[in-house]
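Trainee: What shape does this take:
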Amino acid sequence: MLMCFRRGLIPCLLVLLLQGRVAADVVLDDSDWRSPGLVARARGVEHEMVPSLLLKTEFEKPAFLFDPTDDETITSITDFQGKLYLGSCTRPAGTATGSVFTYAPESHHWEKVHQVNEEGLVRLEVYGDRLYIPGYDANDGGWDLGNIYIHDGDTWVEHRTVPRAVHIYGLAVYKDRIYVSADIFDEPPPGKSVDEASEEGLPIYGRVVSSGDGGETWREEYRGPEEGQDVGFMTVFEDTLVLNAHGDLVVFDGTSWERLSLDPNVLLVLDYCAAGDVLLLGTSVGLCAFEGEKFRMLDVLRGRGMHVRAIRRFGSRWVMVGTRIPGGTLGHGPGGTGYMYLKGDEEPFWCWVQVIPDLVFRAGVLGEADAQREIEEHEPEEWASWISCEEMIVSAHVFKGRTFFGTHPEGRVLVLPVAQKGALDSAPRPIPGKIPGKGTYSIVWESATPPGTSCRFQIRTAPTREALESAPFVGPHEASSFFEQPGTEFEVGEPGFLQYRVILETDDPALTPYLKRVTVRAAR
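Mentor: Residues are numbered from 1 along each chain as shown. The predicted structure follows:
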């Protein structure tokens, strides 16, 4: 018994010793530059927002990224399982289908991954480990059943199960149930289909129904007070389900539904975004805020014809998309949930992106007293800025340190541009004095370099930290050379301190390289 124990122990000890040696060989292993202790100097790079290192965003005119579709509009953008998902269609209720595309920024690769069997696609929603699409208007089988689509990252499942749903606008997962807001007919008389009964005046109401079995069966939760198609998007905020309906907000706490009776009672919500204990609403009358039971119209873009299409937090700033269309209207077909409609697509419009530093946003937009006092005591280095756009932006999303936009009527994808070149110097690191390898080391990195982008390195070493400050950064051959291939070796005269410099560059302002990891170890 003792011999068996010893036989099992010796291999384990060898493994532990080898692992300890490998760990001792590593001088540095960086994979997240958000910690200030890892960065000595940075210019033109973003290292505070996401773990990867990338070129810094320039708040200038959005750059063209790609054109994935013949559809007129990128109606919705979100992220799911490490990729950007984009929904598109030409005109809800006036087209035969809607498409879903994915985009991987690190490889600059996009592809069509799904096509819904609907007369349009207006919303993509992510809850937990699922992506959901509310079916706008099913193409086949009449109005007896409406659809929702569920994606787990591998497969798409169409649930043609929502009773008598014509248009499904909003979808949210709340307290382990799927809720959808939809225009739903009453039950038809016996022996008649919904389509047949609708021609005879079958009543239709804006309703909310829910499913506790993944979309197989449904029960009614809420019905609007008046006949007509009048519901919109939904979201979950602070353990409350928030529905835009009847030009108002209707909230559900799991027990009862309450209509807030807002003034003005003409609210059309185009986008939701949480900001701490405030739910920001991009609406057809400007930016609004919902705080549990309190609703406020904010001053930014307030007024008739001012539409806030999207509002997103981007690092230490807020990015808001606004449009103004004299004589234009907003609608999603019969119900109205936020599609931009221009009369004959010939009406003039103005579109802009507003960039607001967080402190300025909290003080000037949300009216927070603490932020206002801070601005009074210390004037901000940056105020709000406006970027005029030639294309109409109707959707936006922040993902992997970039801000992406979807447009109408060209159905293109834009992105805020990045700096052409940037560099970061790592914090100095000590080189252990007793490392095997006779002063030979290697630098290895993991990066993604879309077409026209690059990532390269230089290194400097010195016996002391003080001497390191004046030592030149060099490549593997001379001062003007660079480490351009991972695994390249270099010599260190004597152990002391080491520092690397990474240079990121791009030929295309829409694309940036992504640096994911840097490791320096003794060569073995």
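Trainee: mean confidence for stretch 312-319?
Mentor: Taken as a whole, stretch 312-319 has an average pLDDT of 96.
Trainee: same thing with stretch 136-148?
Mentor: 91.
Trainee: Quick check: beta-bridge partners of C288?
Mentor: Here C288 sits in beta bridges with L281, M297, going by DSSP bridges.
Trainee: What count of nearby residues applies to it?
Mentor: 21 (other C-beta atoms under 10 Å). (Glycine included, C-beta is placed from N, CA and C.)
Trainee: Strands of the stretch 401-524 of the chain, start to end?
Mentor: Taking DSSP state E, counting those that start in this stretch, the strands of the stretch 401-524 of the chain run over residues 402-408, 413-415, 421-426, 429-430, 440-448, 453-462, 488-491, 497-506, 514-522.
Trainee: Export these as CSV, with columns for mean neighbour count and mean pLDDT.
Mentor: Listed next are these as CSV, based on neighbours: other C-beta atoms under 10 Å; pLDDT from 0 to 100:
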stretch, mean neighbour count, mean pLDDT
strand 402-408, 25, 95
strand 413-415, 24, 98
strand 421-426, 19, 98
strand 429-430, 14, 92
strand 440-448, 18, 94
strand 453-462, 21, 95
strand 488-491, 15, 89
strand 497-506, 22, 97
strand 514-522, 20, 95
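Trainee: between those, which one is nearest to F101?
Mentor: Among the strands of the stretch 401-524 of the chain, strand 413-415 comes nearest to F101, with 8.7 Å by C-beta to C-beta.
Trainee: quick one on the thing from earlier: compare the strands of the stretch 401-524 of the chain and give me the one nearest I168.
Mentor: strand 402-408 (20.6 Å).
Trainee: care to break this protein down by domain?
Mentor: Each domain of the chain is listed here as a residue range: 25-52+420-522, 57-415, per automatic domain parsing.
Trainee: which one of those domains is the most hemmed in?
Mentor: Mean neighbours per residue, mean count of other C-beta atoms under 10 Å, is largest over these for domain 57-415, with a mean of 19.
Trainee: Figure out how far it is from the centre of its chain.
Mentor: Chain-centre distance of domain 57-415: 13 Å, with C-alpha atoms, centre = their mean, to the nearest Å.
Trainee: Span of it from start to end?
Mentor: Start-to-end span of domain 57-415 (C-alpha to C-alpha, to the nearest Å) is 9 Å.
Trainee: same check, this time on stretch 485-505
Mentor: 16 Å.
Trainee: Stretch 491-508 too?
Mentor: 35 Å.
Trainee: Then stretch 459-471?
Mentor: The straight-line separation of the ends of stretch 459-471 (C-alpha to C-alpha) is 10 Å.
Trainee: so where's this structure shaky on pLDDT?
Mentor: Applying pLDDT under 70 to the chain picks out residues 1-24, 264-265, 300-305, 326-347, 433-438, 524.
Trainee: the helices in it, which residues?
Mentor: Taking DSSP state H, the helices of the chain run over residues 2-25, 194-198, 358-360, 369-377, 465-470.
Trainee: Residues in contact with the second one: which ones?
Mentor: Read that as helix 194-198. With C-beta atoms under 8 Å, 6 or more residues apart in numbering as the test, helix 194-198 has contacts from 142-144, 164, 185, 188-189, 202, 204.
Trainee: Need those in a markdown table (columns: distance to R317).
Mentor: Formatted as a markdown table, the contacts of helix 194-198 follow (distance: C-beta to C-beta, whole Å):
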| residue | distance to R317 |
| --- | --- |
| G142 | 48 |
| W143 | 45 |
| D144 | 48 |
| R164 | 45 |
| F185 | 45 |
| P188 | 52 |
| P189 | 57 |
| L202 | 50 |
| I204 | 43 |
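Trainee: which one of those residues is nearest A104?
Mentor: The closest of these, once distances to A104 are taken by C-beta to C-beta, is W143, at 38.0 Å.
Trainee: Next one: the closest residue to the closest one other than its chain neighbours relative to F483, how far apart?
Mentor: Leaving aside its chain neighbours, W143 sits nearest to V194 (4.3 Å; criterion: C-beta to C-beta, 6 or more residues apart in numbering). Using C-beta to C-beta, to the nearest Å, V194 is found at 68 Å from F483.
Trainee: Reformat the strands of the stretch 401-524 of the chain as JSON lines; add distance to E118.
Mentor: Shown next, in JSON lines, are the strands of the stretch 401-524 of the chain (distance: least, C-beta to C-beta, whole Å):
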{"stretch": "strand 402-408", "distance to E118": "18"}
{"stretch": "strand 413-415", "distance to E118": "21"}
{"stretch": "strand 421-426", "distance to E118": "43"}
{"stretch": "strand 429-430", "distance to E118": "56"}
{"stretch": "strand 440-448", "distance to E118": "34"}
{"stretch": "strand 453-462", "distance to E118": "37"}
{"stretch": "strand 488-491", "distance to E118": "53"}
{"stretch": "strand 497-506", "distance to E118": "38"}
{"stretch": "strand 514-522", "distance to E118": "35"}
